[in-house]
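Undergrad: With the input below, show me the fold.
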Amino acid sequence: MTDSTPAATRTLFSLTGSRALVTAASRGLGREIALELAGQGADVVLGVRDPDGAAGLVGELRAFGVQASAIRMDVLDLAACRSAIDGAIAEHGPIDILINNAGGGIDAPALEVTEEDFERVWQLNTRSTFFLSQHLAKHMRGHGGGAIVNIASQAGLVALPGESSYCSAKAAVVHLTRCLAVEWGQYGIRVNAVAPTFVETDGTAAALSDDAFRADTVDRIAALHRIGQPREVSGAVAFLASPSASLITGVTVPIDGGWTAR
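TA: As a prediction, the model looks like this:
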């Protein structure tokens, strides 16, 4: 089948008319993703721990001509997150894009990981992704569907020594993405994920400042042999959230310069 839509009216990459929630949006990948979505025309709600501290980013988003706001969200407190989301929907209207960006890990050998360490990593990455997706999906199914993009990691696809708890949590996010996609497709809700390699952000700056670690990382990024840039992740996220990806669901896209192809 060919698409006879005139070229001038094709807006598959546009997110105009959409409203997105990005968790952990104040810095790093979350910040870049929020800017990317706004640049594509989406209104953006920032889920951050300190809404007042996100005022500058809200201003940058509004400069794209979209609506933007910040709500207080700590993904370890799911009840407060649900309340904040409901308040944002009541004030601004339905949210049809969710970017589950919140996460984090610890650097510790598996023999030294405590139950508290493991539980916190699981809550940050997997529990938050599941229950925030669940809550937004209940809204989305009543408004014609939506798109959820989970920020997984190459750590969910390959083993990284010293990061067993993080690897297992992100592997769960990868498979959860498939499960939710299969269940929620009937409601018009697509669920996908991206799995980035090491990207230049304030969160990775300390590790990548170690010359030996950086050299080893660049070597392991087996095809392109360079550290990623935030825009190389945010562009893929915007694509998966857009109508261009309307037949894509249940997929995790490695953005890893070839690391997992090795």
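Undergrad: can we go C-alpha only for contacts and neighbour counts from here?
TA: Will do.
Undergrad: Does the residue nearest to residue 123 when sequence neighbours are not counted belong to a helix, a strand or coil?
TA: Ranked by Cα to Cα, 6 or more residues apart in numbering and with sequence neighbours excluded, the top spatial neighbour of residue 123 is residue 76, at 6.4 Å. Put simply, residue 76 is coil when judged by DSSP: H, G, I helix; E, B strand; the rest coil.
Undergrad: correct me, but residue 76 touches residue 129?
TA: No. Between residue 76 and residue 129 there is no contact under Cα atoms under 8 Å: 10.8 Å.
Undergrad: Looking at the two, which one has more neighbours?
TA: Taking neighbours as other Cα atoms under 10 Å, residue 76 and residue 129 compare with residue 129 leading, 29 against 15.
Undergrad: Can you tell me the element the more buried one falls in?
TA: In this structure, residue 129 is located in helix 128-140 according to DSSP states H and E.
Undergrad: Buried residues, that helix. List them.
TA: 128-133, 136-137, 139-140 (16 or more other Cα atoms under 10 Å).
Undergrad: So which other helices or strands are in contact with the lowest-mean-pLDDT helix or strand in the chain?
TA: Every helix and strand of the chain was ranked by mean pLDDT, DSSP states H and E. The lowest is helix 205-208, at a mean of 83. Judged by 3 or more Cα pairs under 8 Å, 6 or more residues apart in numbering; DSSP states H and E, helix 205-208 is in contact with helix 211-220.
Undergrad: Could you report the pLDDT at residue 200?
TA: Residue 200 carries a pLDDT value of 88.
Undergrad: before we move on, what about residue 137?
TA: Model confidence at residue 137 (pLDDT) stands at 98.
Undergrad: who touches the nearest residue to residue 259 once chain neighbours are set aside in this structure?
TA: Leaving aside its sequence neighbours, residue 259 sits nearest to residue 221 (Cα to Cα, 6+ apart; 4.3 Å). Applying Cα atoms under 8 Å, 6 or more residues apart in numbering to residue 221 gives the contacts 197, 227, 256-259.
Undergrad: hmm, 7 Å instead?
TA: Neighbouring residues of residue 221 by Cα atoms under 7 Å, 6 or more residues apart in numbering: 256-259.
Undergrad: Quick check: which of those has the minimum pLDDT.
TA: Among the contacts of residue 221, residue 259 has the lowest pLDDT, at 90.
Undergrad: residues near that one, how many?
TA: Residue 259 - counted by other Cα under 10 Å - has 22 other residues nearby.
Undergrad: Repeat that for residue 53.
TA: With other Cα under 10 Å as criterion, residue 53 counts 12.
Undergrad: And for residue 248?
TA: By other Cα under 10 Å, neighbour count at residue 248 equals 14.
Undergrad: on that earlier part again, so which bits of the least confident helix or strand of the chain are buried?
TA: Neighbour-count burial for helix 205-208 flags residue 208 (criterion: 16+ other Cα under 10 Å).
Undergrad: Could you report the pLDDT at residue 134?
TA: 98.
Undergrad: Check the one 10 residues further on too.
TA: Note for residue 144: predicted pLDDT of 94.
Undergrad: Next: residue 11.
TA: 56.
Undergrad: same question, the one 4 residues further on
TA: What the model reports as pLDDT for residue 15 is 97.
Undergrad: And the helices in the stretch 151-262 of the chain?
TA: Ranges of helices within the stretch 151-262 of the chain are 164-184, 205-208, 211-220, 230-241, based on DSSP state H, counting those that start in this stretch.
Undergrad: I'd like the ones you listed as a markdown table, with distance to residue 109 appended.
TA: Below are the helices of the stretch 151-262 of the chain laid out as a markdown table (distance: least, Cα to Cα, whole Å):
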| stretch | distance to residue 109 |
| --- | --- |
| helix 164-184 | 7 |
| helix 205-208 | 16 |
| helix 211-220 | 17 |
| helix 230-241 | 28 |
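Undergrad: Now the buried members of the contacts of residue 221.
TA: Looks like the contacts of residue 221 have 256-257, 259 buried, using 16+ other Cα under 10 Å.
Undergrad: Please list the members of these that lie in strands.
TA: Counting by DSSP state E, no part of these is found in strands.
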